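1. sequence unknown, structure follows:
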C-alpha cells in the first residue's frame, strides 16, 4: 500500500475541488501557487508526458549539446558521433554533481568536476580517474552511464523526450497538434531552424497561465495589448475573437487561428507572408484541410501540452513600418509554485540568408522577447494569479476563476460540422473553450489518467 | 625512420583513467602503485597511427600527444 503523505493528501483534496469547479466552468485559484500541486505536477505531468527539449537545428553537428530541463531535472541533449540524439540526465552517477555546467557547446565528453568520472556524449561512462587503484577494473560503461530519458523522438526537427517508458508514441501523443506543427514549420524544404539560443527570463507566473493564454485567449488582446494599436503596430484588434478559429486536439493541445483572408482581403493567404518568402514554399504535401488552414485560417498561437507554445504573426518591426511574419516557439519552464522561466526561441526558415534571419529575429524580439511590446504586457498580467493563489483571504473565500464566457453568449460556438481535419474546430474565439480543454486535460493527467482521448464533455 | 610516430604522456595532466590502456594495451599501462599511466614504449609504427590518434582523442585528461617524424 502506498503511503499518502500530507502533501499528497493536500493535492488530492485540491484536485477534488478542481473537478467540482470545472463542471461549472470554474477553476479554483489555489492551483496557481501551491507547493503540493506543484510537486504533483512535476511527478504526474513532467515525468509522464512528452516534453520538448530542443530543436535539431540547435545540435546539427557531432558533439553538439545543449543543456535543458524536463520539469525540474537538468538534462543534456547531445548529438553523438553516430548522429544519434541522446537526452541524458545531468547528474553524475557517483555523487550527483552536474557533469555539464554550460548551456551549450561541442564536446565528446562530460567530465564531472567533483571526482572526474567522465561520460561520452552518448551517455556511457568512459573513464574513472585512477581506475586500477580506485576500482581495480573498468566500471561497466552502460550500467554506470548517465541515466537516459527512456524515450526520445522528433517531429519536424522538434526533439521531445518522455520519462515514461510506456504510453503513446510521440506521434500518437501529438495527434492533431503534430498535423498542425507540420503545416506551421514544414511548408518549405528544410523547414525552420532556430535563429539563435533561447532567451530566458524569470516570471512570477504559473506555467499553466502562460500555456492557457497560448491555447487561444483572444479575449485579452484588445485590452491588454491596446497600446500596440495606439502606436500603429496593430490594426483592428477589436476583431480578434470574432475572426478567431479554435482548433482543439487530443491530449490537451489547442491552437487558435485567424480568418485573415476574410478580415483583411482575399489575397491575404499564408499568414500574409511576402512573395519572396512564399516562393520557397511547397504545399504539395498538405492535405485538403491543411491547405484550407494555411491559406485562410492559419494558426496564430498554440500550446502543445504541457508547456510548449507557439506564436506566428505578421507585424511591423517599428510602429507604422513594413510588415513581416515572425515565428516564436516558447517553453514555460516550471521553477517552483507560481514561478517560471520563459524560454523564447525565434524561428526562421532554413532557406533564409543570415541577413534575413537576423531581421526576422530582431522583429520577433521586438514583439515577443523579454522587452517585446506584447510580451511585456502579458508577463505583468500573468503575475496576478500566483498572488491571489497565495492569499489566505482568497483561499478562505474559495476564489474561483471565471471560465463561463460561453454559457450565455449568443455567438455560435458549436463545432464546425464541415471540418475535415483532426480534432474539432470552432469558428469563434469567444467561449474560452480552448482554455477549458487545457484544464480538463490537466486534471485528467494529474489524476493519473494519461490515456489518449479528446476529453472535455461540453 | 620518418614513418615512426613518437608518443608523449604528460604526467602532470594524467589522472590514470586507463582509457588509453584499453585502446593500446601494448603502449600504455596503469601499473599498481603508479599515480599516472606509463608508456611501455615511446614510438609506434605508422600502421598504429589510427589507434594512437584514438587514444589521444579519448583521453579525458588530454595528456597524450603524438609527434610525427623521427625523435630528436
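-> Sure thing, it's come through. Note that the coordinates shown come from a computational prediction; the quantities given were computed from them, not determined experimentally.
2. would you map the strands across chain B?
-> Applying DSSP state E to chain B gives strands spanning B:5-9, B:28-29, B:38-39, B:43-44, B:64-68.
3. can you tell me the SS state at the spatially closest residue to residue A:302 that is not a sequence neighbour?
-> Computed as CB to CB, 6 or more residues apart in numbering or on different chains, the closest residue to residue A:302 that is not its neighbour in sequence is residue A:255, at 3.4 Å. For the C-beta atoms, the positions are set from N, CA and C on the backbone; glycine is no exception. The three-state assignment at residue A:255 reads strand, by DSSP: H, G, I helix; E, B strand; the rest coil.
4. residue A:255 pairs with what?
-> Taking DSSP bridges as the rule, residue A:255 bridges to residue A:247, residue A:302.
5. residues contacting it?
-> For residue A:255, the contacting residues are A:177, A:180, A:215-216, A:246-247, A:249, A:299, A:301-303, A:310, A:434, by CB atoms under 8 Å, 6 or more residues apart in numbering or on different chains.
6. what is the nearest of those to residue A:78?
-> Nearest to residue A:78 out of the contacts of residue A:255 is residue A:310 (CB to CB; 25.1 Å).
7. not counting its neighbours along the chain, what's nearest the closest one?
-> Nearest residue to residue A:310, sequence neighbours excluded (CB to CB, 6+ apart): residue A:302, at 4.8 Å.
8. and the one you found, how close does it get to chain B?
-> According to CB to the nearest CB, to the nearest Å, residue A:302 stands 44 Å off from chain B.
9. picking that back up, and chain A, which of the strands of chain B is closest to it?
-> Nearest of the strands of chain B to chain A, taken as CB to the nearest CB: strand B:28-29 at 9.4 Å.
10. which other helices and strands does the closest one contact?
-> Applying 3 or more CB pairs under 8 Å, 6 or more residues apart in numbering or on different chains; DSSP states H and E, one finds that strand B:28-29 contacts helix B:19-23, strand B:38-39.
11. just send these back as CSV, with distance to residue A:445, mean neighbour count and mean pLDDT too.
-> Shown next, in CSV, are the helices and strands packed on strand B:28-29 (distance: least, CB to CB, whole Å; neighbours: other CB atoms under 10 Å in any protein chain shown; pLDDT from 0 to 100):
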stretch, distance to residue A:445, mean neighbour count, mean pLDDT
helix B:19-23, 44, 21, 87
strand B:38-39, 57, 14, 96
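12. where does pLDDT dip in chain B?
-> Counting by pLDDT under 70, the ranges of chain B that qualify are B:1-3, B:69-72.
13. for it, which residues are neighbours of chain A?
-> Contacts of chain B with chain A, taken as CB under 8 Å from any CB of the partner chain, map to B:15-19, B:22, B:30-33, B:35, B:57-58, B:60.
14. so which of these is the most crowded?
-> Counting neighbours by other CB atoms under 10 Å in any protein chain shown, residue B:17 comes out on top of those with 26 neighbours.
15. how about the secondary structure of residue A:343?
-> Of the three states, residue A:343 takes strand under three-state DSSP.
16. how many neighbours does it have?
-> Residues lying near residue A:343 (other CB under 10 Å) number 20.
17. was I right to think it contacts residue A:333?
-> Yes: judged on CB atoms under 8 Å, residue A:343 makes contact with residue A:333 at a distance of 5.8 Å.
18. packing partners for the longest helix seen in chain B?
-> In terms of residue count, the longest helix belonging to chain B (DSSP state H) is helix B:49-58. With contacts taken as 3+ CB pairs under 8 Å, 6+ apart, helix B:49-58 sits against strand B:5-9, helix B:19-23, strand B:64-68.
19. for these, which one sits closest to residue A:276?
-> Among the helices and strands packed on helix B:49-58, the nearest to residue A:276 by CB to CB is strand B:64-68 (51.8 Å).
20. now do the buried residues in that closest one.
-> For strand B:64-68, a neighbour-count test (16 or more other CB atoms under 10 Å in any protein chain shown) marks residue B:64 as buried.
21. residue nearest the middle of chain A, spatially speaking?
-> residue A:308 (0.5 Å; CA atoms, centre = their mean).
22. dig out what that residue forms beta bridges with.
-> Listed by DSSP bridges, the beta-bridge partners for residue A:308 are residue A:304, residue A:331.
23. that one reaches residue A:52, doesn't it?
-> Yes: at 4.2 Å, residue A:308 and residue A:52 qualify as touching, with contact defined as CB under 8 Å.
24. re earlier: pull out the buried positions in the longest helix of chain B.
-> Within helix B:49-58, the residues that count as buried by 16+ other CB under 10 Å are B:52, B:55, B:56, B:58.
25. which residues are in contact with that helix?
-> With contact meaning CB under 8 Å, 6+ apart, helix B:49-58 is reached by A:108, A:126, B:5, B:7, B:19-20, B:23-24, B:27-28, B:44, B:64-66.
26. how many neighbours does the residue nearest to residue A:310 have?
-> 26.
27. residues in contact with it?
-> Residue A:302 sits next to A:177, A:180, A:184, A:214-216, A:247, A:253-256, A:309-310 when contact means CB under 8 Å, 6+ apart.
28. CSV for those residues, including pLDDT?
-> Compiled in CSV, the contacts of residue A:302 are given as follows (pLDDT from 0 to 100):
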residue, pLDDT
A:177, 98
A:180, 98
A:184, 98
A:214, 98
A:215, 98
A:216, 97
A:247, 98
A:253, 98
A:254, 98
A:255, 98
A:256, 98
A:309, 98
A:310, 98
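29. run a quick neighbour tally on the residue nearest to residue A:382 when sequence neighbours are not counted.
-> What sits nearest to residue A:382 in space, not counting adjacent residues and going by CB to CB, 6+ apart, is residue A:205, at 3.7 Å. When neighbours are counted by other CB under 10 Å, residue A:205 registers 25.
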